[in-house]
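**Student:** sharing a model prediction with you, sequence too.
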2 protein chains.
Amino acid sequence: MTRHALDAVRKQSLSESAYRQLSDKILRNEYAPGDPLPAERELSEALQVNRGAVREAIKRLQQAGLVAVRHGSKHVVRDYLSEGGLELLPNLLVDKQGRLNGAVVRSIMAMRSSLAPDIAAAAAKKGGKALAEELDALLSQMRADQKDLKALQDHALAFWQKLVARGGNIAFRLAFNSMTKTYTQVWDVLTPVLEKEFRDFDNLGAIAKAVRQGDAGRAREAGLRHVEIGRSALERALRKLDGGDAP
Amino acid sequence: MTRHALDAVRKQSLSESAYRQLSDKILRNEYAPGDPLPAERELSEALQVNRGAVREAIKRLQQAGLVAVRHGSKHVVRDYLSEGGLELLPNLLVDKQGRLNGAVVRSIMAMRSSLAPDIAAAAAKKGGKALAEELDALLSQMRADQKDLKALQDHALAFWQKLVARGGNIAFRLAFNSMTKTYTQVWDVLTPVLEKEFRDFDNLGAIAKAVRQGDAGRAREAGLRHVEIGRSALERALRKLDGGDAP
DNA sequence: TGTGGTCAACTTATCATACCAGTTGGGAAA
DNA sequence: TTTCCCAACTGGTATGATAAGTTGACCACA
């Protein structure tokens, strides 16, 4: 898995474009909660696509908690803050101009600090020697790849993927995936900012050791120390940018 | 908001039925990661719906991380454990026969214990006196409604909704929504099981007080004590059932 | 005044058919 | 052996039509 490789070239489907435009308008409050969306036939004309594509987009908006759908009535915009799920996070991180939303970044880092310690603890309880071996092998690889920050970044993600996969907690796993989808949008931007975290072999090593010993408490502590390194680094970077919009 | 009131009667759309059948097959591993899904035209015949409905369902599967879509190739099932997001959690909690999956319940309660303390802490930092007033009012209402466990349940949810809404953390907010969507499927089942938590006025009061004082540490501790009550209760209930499948 | 019924206009839901755009694997040619 | 071509298959899009549900206006009746 190489996140800085060239990306597949793929034509975006019309329904995908429609979904993005509509979800963007909703998330930017151009269509406010309670507002009716234009009728499907109107949207079809406005977006210059057939109505099937509009319907496909709207089904996705419904799934994302962005609109309420009732047969025979116009679709009504919902309050995503109260009704939307974690899958919306990628849409909120970066605006149309590609700028990072500082408040969203801080939110994500806070949530990472909530989850990562318990992910590490669960892995220490459930992972056993086999997981510890895998983590040790990965750490060795990281030490060998020290010159290559991009590779370190990928290894660090793989480290956490191993932890969350073996901790036996499906909720952590799915939340982890949702958050990873969010970061990977700005993967290259994160590379220099989180360098210290990617090189934090001490705490990652402590987690691996705690996993070997089945010591959840130690894993939790080391997990927290580790992600707080990244959180502080990002906080510093954000202060430099002095940006951030609250949704 | 009354979760035990009569529910709106609404016909399920054909594309909704198709989505459910297909997502269920994927989540139960009847279609395994890497398997191609039957072609759209085939699914249209098998499901006895027109192809438009199949396409709508498939767009939703794609959005949920359950299938990969490529123009000209069959849709391929993805590994939702690695690719799926938190929005899948409601689908995993209850099986087709309406039985609770114990491992999913435990996962959710663990994640709640990870998030709730920090949600309370964030609210204490950001909420101010206005929030504290609202929480106090709600607690008064809860005390007045002590005889009505259903009402207590709703108030308890409202308490946490206020906390998460005012903590200024969008990630917590969206995760909270995703988890709430999951519990509300089994809302009535939870009523007797979580009774002690709904009556935990002491810790809820301590959170409200911490909010008034801007004391994040106290809020965090009280928040953790509070949700651990529910977690223990559910653990006891699960042991009685002696059930649970791991996904 | 409040309630129930009817109706037209609007909206979503579904369907069928046709054509376009991309993928894949087999066979032929170099 | 490699490259190219092509048919069959697949998803993507479009169009036009009909069915099912919603809403508000209007009317009748108690």
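**Tutor:** It's in.

**Student:** give me the distance between residue A:214 and residue A:92.
**Tutor:** 38 Å (CB to CB, to the nearest Å). Placement of C-beta: from N, CA and C, glycine included.

**Student:** more neighbours: the two, which one.
**Tutor:** residue A:92 (21 against 15; other CB atoms under 10 Å in any protein chain shown).

**Student:** test my guess that the more buried one contacts residue A:100.
**Tutor:** No - judged on CB atoms under 8 Å, residue A:92 makes no contact with residue A:100 at a distance of 10.5 Å.

**Student:** what's the pLDDT at the residue lying farthest from the centre of chain A?
**Tutor:** The outermost residue of chain A relative to its centre, with distances by CA atoms, centre = their mean, is residue A:72 at 36.0 Å. Listed pLDDT for residue A:72 reads 91.

**Student:** can you tell me what sits against stretch A:184-202?
**Tutor:** By CB atoms under 8 Å, 6 or more residues apart in numbering or on different chains, the residues outside stretch A:184-202 that reach it are A:3-4, A:90, A:93-94, A:100, A:139, A:142-143, A:146, A:149-150, A:152-153, A:155-156, A:183, A:226-227, A:229-230, A:233-234, A:237.

**Student:** list the buried residues in it.
**Tutor:** A:185-186, A:190-191, A:193-195, A:197-200 (16 or more other CB atoms under 10 Å in any protein chain shown).

**Student:** so which helix or strand takes in the residue lying closest to residue A:89 once chain neighbours are set aside?
**Tutor:** Closest residue in space to residue A:89, ignoring its immediate chain neighbours: residue A:182 at 4.6 Å, by CB to CB, 6 or more residues apart in numbering or on different chains. According to DSSP states H and E, residue A:182 maps onto helix A:170-183.

**Student:** averaged pLDDT, the helix or strand just after that helix. What do you get?
**Tutor:** Downstream of helix A:170-183, the next assigned helix or strand under DSSP H and E is helix A:187-193. Mean pLDDT, helix A:187-193: 94.

**Student:** do the same with stretch A:145-154
**Tutor:** 95.

**Student:** pull it out as PDB, backbone CA atoms only.
**Tutor:** Provided in PDB are the C-alpha atoms of stretch A:145-154 (Å, rounded to 0.1, in the frame of the first residue of the first chain):
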ATOM      1  CA  ASP A 145      13.500   2.500   6.400                       C
ATOM      2  CA  GLN A 146      14.400   5.500   8.600                       C
ATOM      3  CA  LYS A 147      15.700   7.500   5.700                       C
ATOM      4  CA  ASP A 148      12.400   7.200   3.900                       C
ATOM      5  CA  LEU A 149       9.800   9.300   5.700                       C
ATOM      6  CA  LYS A 150       7.000   8.300   3.200                       C
ATOM      7  CA  ALA A 151       7.700   4.600   3.900                       C
ATOM      8  CA  LEU A 152       7.700   5.300   7.700                       C
ATOM      9  CA  GLN A 153       4.300   6.900   7.300                       C
ATOM     10  CA  ASP A 154       2.900   3.800   5.600                       C
END
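
**Student:** buried ones in it?
**Tutor:** In stretch A:145-154, counting by 16+ other CB under 10 Å, buried: A:151-154.

**Student:** tell me which of those fall in helices.
**Tutor:** A:151-154 (DSSP state H).

**Student:** and those as a markdown table, adding distance to chain B?
**Tutor:** Compiled in a markdown table, these are given as follows (distance: CB to the nearest CB, whole Å):
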| residue | distance to chain B |
| --- | --- |
| A:151 | 20 |
| A:152 | 21 |
| A:153 | 18 |
| A:154 | 15 |
